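*Asks:* Dropping the sequence and predicted coords here.
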Amino acid sequence: MSDKAPDMNKTTVSGNAPEASGTVSYNHDTGVRIFLQIGTCSIIAGILETAREIRSYIQIHQVRAEVYECGCMGMCSSDPVVDVEISGRAKISLQKLNANAVTDIFDSLLNHILPDNCFILGQYSSGYGLPWEGVPFIDDLPFFSLQHRVLLKDAGSLVPVSLQQYQQIGGFDGLRKALYTYSPAAVCDEITQSGLTGRGGGGYSTGAKLKTVLQHHSHKKFLICNADESDPGSFSGRLLIESKPFMLLEGITIAAYASGATEAIIYIRNQYQLAIERLREAIRILYQAHVLGDDIWDSGMHLNISIYESPGAYVCGEETALIENLEGNRGMPRPKPPYPATKGYLNMPTVVNNAETLCNLPLILLHGAEWFQSLGNSFNSGTKLFSVAGNTRVGGVVEVKMGTSIQQVIDATNESMFSGELKAIQLGGPSGGFVPASQFDTPLDYYHLKQMNLYLGSGSFTVLNKNNCIVDVCKYFMEFIENESCGKCIPCREGSQRMSEIFRRIVSRPDDSEEFATLLRFKGVMQLEHMAGVMTRTSLCGLGQNAPGVVLSALKHFRNEFEEHIFERVCSADVCRNLKMFRINPENCTGCGICAKRCPADAIAGSLKQVHYIVPERCIACGLCFDSCKFNAIIKN
């Protein structure tokens, strides 16, 4: 083995050599540089149409410009985001730039005139050009000032499939250090000392898992990257892969070296087509650069990476169900032990980690275990990605140090005027739970959340305010579990069905034709806690065991909402429309017919200038009649 790894082949990218280590370099002699932040969210928001209009503008006006297709920086609520750097001026970031506004925006910018404020997100601090007066710096925006971006560093300015640019920010230096400085056992020890735990929700020591596989004697070992991200409301892993696919591949290679695996499989849901496309291209480039395949860098290490497009089943987020699916079977959990680390894919020792966990490995090897420990608190090390959605002013993916409080994330994504209206945070998706406003000072780490019986999951962070009904949210998650349950074990299969039935009764008015309808509603709520306990204690896999967590935390913190639905038959958030009944007061009705025209179900009958009436069997309780009536003739019960 040589003492120094050979230089890798580099992809051709317009630009000069890096001016400083860890900085993405572009050609600053070009008149205009345009950075299109292309990700799944921005494609939905119309970035491709905006990009076509920008290229057309450049061609028509013969602008000397270079256009780069980058990843997403994570501020998804501002999509489409386009960064523009004009020679002599600081790079400025434009938000919500639709195709129709391109001409006016670029006419202004190319003449060094700022466009309307609604399109300006901020500017980047750099030594390349004169700052724009009155434009805030990106790092000073609350959304970014909260964060400590190590995984997401340069996301939004990095061309995802440019190997040259990834190397400029230190890419593959961690792998080189591992191969030429550490033994596989030493890599496992370094990762263990860093305190890195699985970011998929389990919180198990990553280094210990790798070492278990390393120490298990077998002629074949596998590594599986779980990039399925099946939790509703979680999209941080997808964004990370779309923006920095080489980081994931480097992390996979390090983990394979540490565990002795020679085959790696990226298990990713088939809906993530942009992420899959970029991963395939990045893998092709690495094979050409001799970073994958046989005898990597003459080190004696062999690794092949393939991609498996999953059907997107929620249960396949559980590692043994995932392995069953990879083997061509229906995704159903296996009893444990044996664990995958000793008997996994094809009955061989197998490492299973999610994408975010693996992306941390290059940074730990490059900067050391102590550096990673310094990022978190005394309970958990490093940073964590959260997908912030719901009732927020700013939504997207944030990367914060372990131990950052829920309140800090809320302050960075909401106007302070909304803080009094917030009701709760839902963490962890279907396997998670609720954190009420009174506990927003809770640190976001595995230790403190475990004390509250909360499961972090893939990092979904949904903000709920007074317009959200907790009972309705529970109903949504239990119906989700009911539909996604593999059906193998009775507690999860039957328990989710019965709990879904109970919630459907709670959010609906009793049917007077059903003899014991009212009694069933009362009895159902009384049984929820018992049923949840049975599911937690007796379900086969972690998904079934954690599924009732949402219901238990809701009953603990928001029992009053259950009681108002049961006893008062009222939803204070005005969400559960099946609790509503509408009728027309004949004394106030003028027969104008506006309500009948607005009704989507043709549930209102009556002649013009005559008293109208609502047909109960047809009414869907949408409330459009109530909103449209100008004479207060519609009564809501």
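*Replies:* Good, I have the coordinates.
*Asks:* how about the helices in the stretch 501-637 of the chain?
*Replies:* Using DSSP state H, counting those that start in this stretch, the helices found in the stretch 501-637 of the chain span residues 517-538, 542-546, 549-557, 559-563, 594-598, 624-628.
*Asks:* Switch those helices over to JSON lines; also include mean pLDDT.
*Replies:* As requested, those are exported to JSON lines (pLDDT from 0 to 100):
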{"stretch": "helix 517-538", "mean pLDDT": "82"}
{"stretch": "helix 542-546", "mean pLDDT": "84"}
{"stretch": "helix 549-557", "mean pLDDT": "92"}
{"stretch": "helix 559-563", "mean pLDDT": "91"}
{"stretch": "helix 594-598", "mean pLDDT": "89"}
{"stretch": "helix 624-628", "mean pLDDT": "88"}
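*Asks:* Ok, which of these comes nearest Ser162?
*Replies:* Ser162 lies closest to helix 542-546 among the helices of the stretch 501-637 of the chain, at 37.9 Å (C-beta to C-beta). For the C-beta atoms, the positions are set from N, CA and C on the backbone; glycine is no exception.
*Asks:* Alpha carbons only: can I get that closest one in CSV?
*Replies:* The C-alpha trace of helix 542-546 is given here as CSV (Å, rounded to 0.1, in the frame of the first residue of the first chain):
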residue,chain,number,x,y,z
GLY,A,542,-40.7,-1.0,17.1
LEU,A,543,-43.2,0.5,14.7
GLY,A,544,-46.1,-1.2,16.3
GLN,A,545,-44.7,-0.7,19.8
ASN,A,546,-44.4,3.1,19.2
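*Asks:* any idea how far it is from the chain center?
*Replies:* Centre-to-centre, helix 542-546 and its host chain are 20 Å apart (C-alpha atoms, centre = their mean, to the nearest Å).
*Asks:* Check stretch 558-572 too.
*Replies:* The answer for stretch 558-572 is 31 Å, by C-alpha atoms, centre = their mean.
*Asks:* Ok, stretch 386-395 next?
*Replies:* Put simply, stretch 386-395 sits 10 Å off its chain's centre (C-alpha atoms, centre = their mean).
*Asks:* Straight-line length of it, end to end?
*Replies:* Start-to-end span of stretch 386-395 (C-alpha to C-alpha, to the nearest Å) is 10 Å.
*Asks:* Buried residues, that stretch. List them.
*Replies:* The neighbour-count check on stretch 386-395 (16 or more other C-beta atoms under 10 Å) flags Phe386, Ser387, Val388, Ala389, Gly390, Asn391, Thr392, Val394, Gly395 as buried.
*Asks:* same question, stretch 168-183
*Replies:* Per 16+ other C-beta under 10 Å, stretch 168-183 contains these buried residues: 168-179, 182.
*Asks:* circling back: report the two of the buried residues of stretch 386-395 separated the most.
*Replies:* Longest span within these, C-beta to C-beta: Phe386 and Asn391, 15.4 Å.
*Asks:* Tell me how many other residues surround Ile113.
*Replies:* Look at Ile113: counted by other C-beta atoms under 10 Å, it has 8 neighbours.
*Asks:* again, but for the one 4 residues further on
*Replies:* A total of 8 residues lie near Asn117 under the criterion other C-beta under 10 Å.
*Asks:* what's the spacing between stretch 463-477 and its chain's center?
*Replies:* 19 Å.
*Asks:* rewinding a little: among the buried residues of stretch 386-395, which one sits closest to Ala412?
*Replies:* Once C-beta to C-beta is applied, the member of those that ends up nearest Ala412 is Val394, at 7.6 Å.
*Asks:* Now do the same contact list for the closest one.
*Replies:* Met75, Ser77, Ser78, Pro142, Phe143, Val388, Ala412, Thr413, Asn414 (C-beta atoms under 8 Å, 6 or more residues apart in numbering).
*Asks:* rerun at 6 Å
*Replies:* By C-beta atoms under 6 Å, 6 or more residues apart in numbering, the contact set of Val394 is Ser77, Phe143, Thr413.
*Asks:* Equivalent analysis for Ser87, please.
*Replies:* Shown in contact with Ser87 (C-beta under 6 Å, 6+ apart): Gly31.
*Asks:* Quick one: residues contacting the spatially most central residue of the chain.
*Replies:* When C-alpha atoms, centre = their mean is applied to the chain, the residue found nearest the centroid is Phe235 (2.2 Å). Residues in contact with Phe235 (C-beta under 6 Å, 6+ apart) are Ser387.
*Asks:* Turn the buried residues of stretch 386-395 into CSV, including pLDDT and distance to Ala621.
*Replies:* What follows is these, written out as CSV (pLDDT from 0 to 100; distance: C-beta to C-beta, whole Å):
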residue, pLDDT, distance to Ala621
Phe386, 94, 35
Ser387, 94, 32
Val388, 93, 32
Ala389, 91, 27
Gly390, 89, 24
Asn391, 88, 23
Thr392, 88, 28
Val394, 91, 33
Gly395, 91, 29
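*Asks:* Among these, which one sits closest to Gly71?
*Replies:* Nearest to Gly71 among those is Ser387, at 15.7 Å by C-beta to C-beta.
*Asks:* Could you tell me how far that closest one is located from Ile635?
*Replies:* 42 Å (C-beta to C-beta, to the nearest Å).
*Asks:* Give me the below-cutoff pLDDT ranges for the stretch 301-450 of the chain.
*Replies:* For the stretch 301-450 of the chain, the stretches with pLDDT under 70 are 415-420.
*Asks:* Okay, helices next: where are they in it?
*Replies:* Assigned helices in the stretch 301-450 of the chain, in chain order: 319-326, 355-359, 361-367, 369-375, 406-413, 446-451 (criterion: DSSP H, counting those that start in this stretch).
*Asks:* Which helix or strand contains the closest residue to Leu363 other than its chain neighbours?
*Replies:* Nearest residue to Leu363 in three dimensions, chain neighbours excluded: Val150, at 5.9 Å (C-beta to C-beta, 6 or more residues apart in numbering). Val150 is part of no helix or strand, with elements assigned from DSSP states H and E.
*Asks:* Report how many residues lie close to Val150.
*Replies:* Per other C-beta under 10 Å, the neighbour tally for Val150 reads 17.
*Asks:* What does the pLDDT read for it?
*Replies:* We have a pLDDT of 96 for Val150.
*Asks:* Now do it against Phe372, distance only.
*Replies:* Per C-beta to C-beta, Val150 is found 9 Å from Phe372.
*Asks:* cool, and Ile92?
*Replies:* Counting by C-beta to C-beta - Ile92 and Phe372 are separated by 34 Å.
*Asks:* and what of Phe119?
*Replies:* According to C-beta to C-beta, Phe119 and Phe372 sit 39 Å apart.
*Asks:* Who has more neighbours out of those two?
*Replies:* Phe372 (23 against 20).
*Asks:* List the residues that contact the more buried one.
*Replies:* Neighbouring residues of Phe372 by C-beta under 6 Å, 6+ apart: Ser194, Ile364, Ser381, Gly382.
*Asks:* out of everything not next to it in sequence, what's closest to it?
*Replies:* Ser194 (4.1 Å).
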